[in-house]
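> Take a look and give me a structure for this.
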Amino acid sequence: MPLPTEPIGSIPRPAALLNAIASYNNHDISREDLDAEYEKAVRDTIQQFEQTGSPVITDGEQTKPSFATYPLHELANLAPDGVVIPFEDGHTRQLPRLVSGPFQYNTYAGSYLNFAKKYAHKPVKQAVIAASALSLIYPQGGIPGYTRDIFISDLIKNSVADIRSCLDSGASRVQIDFTEGRLAVKLDPSKKLLQSFIDLNNQVLGHFSKEERKRIGIHTCPGGDLDSTHSADVDYADLIPDLFKLNAGNFYMELASEKDPEHVLSIVRDNLGEGKRVFVGVIDVINPKIEKADEVCERTLLAAKYIPVDQLGTTDDCGFSPFGDDQSTARETAFAKIRARIEGTQMASKELGIK
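Next up is the predicted model:
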């Protein structure tokens, strides 16, 4: 088998869908009209994904409001003034704030997977948000009658159910988006916040068997949104040793946009251990330049100097549009970059003697 290669998840939404969402929010079209546009976008995304030759596809997260907040969409016990995440170009994203208990997901990711599988002819993976990210919606001042400990218990229960909904629906892989890992080091250089995130996510992973965890992966990147990041200035060396303490079988790591990829790869080599596979990023999703297949091949062969080939795979650095309103990358560019990843990974596989 050639080296495995997988996408991260999101694809820029088509203009017709973005227009329909705006019209729905302005009460100009019905929910049925909006759902029809969602269906068209998912069907077209899957068709284009399969045409790239990708052995594993996603639905492009076309119906998610964002990779982070899909479980919270339309919950009544939230306020909009939660934690603010600043990006290097000056723009921000803001999480909602929980105002009362109990906490309960309103949407499980398995529902997206089941919808996608109606149109897919190839294995479909599903991304879910990490419990650690959603832990940030609980206010520092607490909630009367609903302690943080009870919230964390409810959060773990719902996060487990979210992952379980995907596994039970036949996801080829369940990818936990943990983009807040590197940010945690930036916010708290003592790493106490990071270690609390690792512990929380491991409590979730502890509900799954060893065989199930082989189908579960962790995605890390410095946050890609509107062609900017929130924590690329944090040295991977401050994250990777703790990252590999997560009890998952696969890791999807941003690498193509790193200034010194060999520095990162050497740290991966020294901390990886056995029984884990690393999918290294070979596509820089915030760079509009479309990589050529031979560039991807070179990046993959470099990684193979540090990571055993039976523990190596390739991926994109991040999703192309993790927030629903992100139009910084053209849809055509995203699919062209994916084709380059597929072709370049196949070239590297031949160079490495993997058939």
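
> Give me the neighbour count for Thr300.
Neighbours of Thr300 under the rule other CB atoms under 10 Å: 26. Quick note: C-beta positions are derived from backbone N, CA and C, even for glycine.

> just Gly90 next, same as before
As a burial measure, Gly90 scores 7 neighbours (other CB under 10 Å).

> ditto for the one 3 residues further on
Residues within reach of Arg93, counting by other CB under 10 Å, total 18.

> Kindly report the same for the one 5 residues further on.
Other residues lying near Leu98 total 23 when counted by other CB under 10 Å.

> who touches it in this structure?
Going by CB atoms under 8 Å, 6 or more residues apart in numbering, Leu98 touches 77-78, 137-139, 143, 151.

> all helices for the stretch 251-355 of the chain, in order.
Per DSSP state H, counting those that start in this stretch, the stretch 251-355 of the chain carries helices over the ranges 261-271, 293-304, 331-351.

> Quick check: which of those is nearest to Lys117?
Set against Lys117 and scored by CB to CB, the helices of the stretch 251-355 of the chain come closest in helix 331-351, at 19.8 Å.

> Now that closest one: buried residues?
For helix 331-351, burial by neighbour count (16 or more other CB atoms under 10 Å) applies to 331, 333-335, 337-349.

> again with stretch 223-243
So, applying 16+ other CB under 10 Å, buried residues of stretch 223-243: 223-226, 228-232, 234, 236, 238-240, 242-243.

> Looking at the residues you listed, which one is closest to Lys64?
Nearest to Lys64 out of these is Asp225 (CB to CB; 14.0 Å).

> close enough to count as contact, the closest one and Asp326?
Yes: assessed by CB atoms under 8 Å, Asp225 is found in contact with Asp326 at 6.1 Å.

> Put the alpha carbons of stretch 82-102 into CSV.
C-alpha atoms of stretch 82-102 as CSV (Å, rounded to 0.1, in the frame of the first residue of the first chain):
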residue,chain,number,x,y,z
GLY,A,82,-17.1,34.4,25.6
VAL,A,83,-13.4,33.9,25.2
VAL,A,84,-11.8,36.0,22.4
ILE,A,85,-9.1,34.4,20.3
PRO,A,86,-6.8,36.9,18.6
PHE,A,87,-5.0,36.1,15.3
GLU,A,88,-1.7,37.6,14.1
ASP,A,89,-3.3,39.8,11.5
GLY,A,90,-5.5,41.5,14.0
HIS,A,91,-8.8,39.8,13.5
THR,A,92,-10.4,37.8,16.2
ARG,A,93,-12.9,34.9,16.8
GLN,A,94,-15.1,34.7,19.8
LEU,A,95,-16.5,31.7,21.6
PRO,A,96,-19.9,31.8,23.2
ARG,A,97,-20.2,31.7,27.0
LEU,A,98,-22.3,29.2,29.0
VAL,A,99,-24.8,31.0,31.2
SER,A,100,-26.6,28.1,32.8
GLY,A,101,-26.6,24.4,33.1
PRO,A,102,-26.9,21.7,32.2
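
> So what's the model's average confidence on that stretch?
Per-residue pLDDT values over stretch 82-102 give a mean of 92.

> Ok, stretch 246-255 next?
Computed over stretch 246-255, the mean pLDDT rounds to 97.

> So which of the contacts of Leu98 are in helices?
Those of those mapping onto helices are Phe151, per DSSP state H.

> Now tabulate the contacts of Leu98 in JSON lines and tack on distance to Gln104 and pLDDT.
As requested, the contacts of Leu98 are arranged in JSON lines below (distance: CB to CB, whole Å; pLDDT from 0 to 100):
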{"residue": "Asn77", "distance to Gln104": "9", "pLDDT": "97"}
{"residue": "Leu78", "distance to Gln104": "11", "pLDDT": "97"}
{"residue": "Ile137", "distance to Gln104": "12", "pLDDT": "97"}
{"residue": "Tyr138", "distance to Gln104": "14", "pLDDT": "98"}
{"residue": "Pro139", "distance to Gln104": "17", "pLDDT": "97"}
{"residue": "Ile143", "distance to Gln104": "14", "pLDDT": "98"}
{"residue": "Phe151", "distance to Gln104": "11", "pLDDT": "98"}
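
> any idea how far Phe197 is from Ala130?
Computed with CB to CB, to the nearest Å, the distance linking Phe197 and Ala130 is 8 Å.

> Overlap in contacts, those two.
Common contacts of Phe197 and Ala130, defined by CB under 8 Å, 6+ apart, comprise 178, 180.

> and Asn287, which of the helices of the stretch 251-355 of the chain is closest to it?
Across the helices of the stretch 251-355 of the chain, closest to Asn287 is helix 331-351 (CB to CB), at 9.2 Å.

> Give the other helices and strands that the closest one contacts.
In this structure, helix 331-351 makes packing contacts with helix 31-51, strand 277-283, helix 293-304, strand 312-316, judged by 3 or more CB pairs under 8 Å, 6 or more residues apart in numbering; DSSP states H and E.
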